[in-house]
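In: all I have is the shape, not the residue letters:
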């Protein structure tokens with residue numbers, strides 16, 4: 001019995017130590033969300049990750065962040081006006097070099113290559129949503145409370 005309790009406690013501690021993908025982007029690290037105000041009612045929400053396994057989770061995470069932001073601004077509904085998926089090659093973490101190339105793509109996996117003077121390069125996956133917030137429901141609007149009631153992907 002004591003062994004089970006100890007195992008459960010250790011497992012919980014390990015899970016608490018895992019870093020969540022859902023967080024604001026910080027510095028030049030391509031990981032997390034970023035909000036940009038476009039107008040009084042429109043924002044661009046982007047979500048980036050350099051982990052190829054996170055690719056399928058990026059859109060739901062961006063939508064969740066959009067709902068979270070809209071609710072904090074006092075809105076009840078949102079419309080996703082535009083959605084883009086971008087894959088780009090960036091300098092690896094820890095390297096202050098600017099992005100090397102940018103473009104759309106569908107490759108999977110993290111690609112790294114050594115370039116003299118540039119350090120490592122990696123693939124960065126980004127979903128970008130242009131969102132319009134509404135106080136009243138419209139046909140294609142998403143209810144923010146319903147979106148926030150879902151668990152994070």
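Out: It's in. Predicted model, so just to flag it, every value in this text is computed and none were measured.
In: isn't residue 47 right up against residue 152?
Out: No - shown here, residue 47 and residue 152 do not form a contact pair, counting by Cβ atoms under 8 Å, at 11.7 Å. Where you see a C-beta, it was placed from the backbone N, CA and C, and this is true even at glycine.
In: who's more crowded, these two?
Out: Each of residue 47 and residue 152 has its neighbours counted (other Cβ atoms under 10 Å); residue 47 has more, 27 against 12.
In: for that one, give its distance to residue 54.
Out: 9 Å (Cβ to Cβ, to the nearest Å).
In: likewise for residue 128?
Out: Separation of residue 128 from residue 54 (Cβ to Cβ) stands at 15 Å.
In: settle it for me: which of these two has more neighbours?
Out: residue 128 (19 against 16).
In: so which strand or helix has residue 82?
Out: Using DSSP states H and E, residue 82 sits within strand 77-91.
In: for that strand, packing partners?
Out: Packing partners of strand 77-91 (3 or more Cβ pairs under 8 Å, 6 or more residues apart in numbering; DSSP states H and E): helix 58-72, strand 101-103, strand 119-134, strand 142-143, helix 144-149.
In: of all the ones you listed, which lies closest to residue 80?
Out: Nearest to residue 80, of all the helices and strands packed on strand 77-91, is strand 119-134, at 5.5 Å by Cβ to Cβ.
In: avg pLDDT for the closest one?
Out: For strand 119-134, the mean pLDDT works out to 88.
In: who are the packing partners of that strand?
Out: In terms of contact count using 3+ Cβ pairs under 8 Å, 6+ apart, strand 119-134 is assigned the packing partners strand 42-49, helix 58-72, strand 77-91.
In: ok and that strand relative to helix 58-72, angle-wise?
Out: Strand 119-134 runs at 40 degrees relative to helix 58-72, counting by axes from the mean of the first three to the mean of the last three Cα atoms, to 10 degrees.
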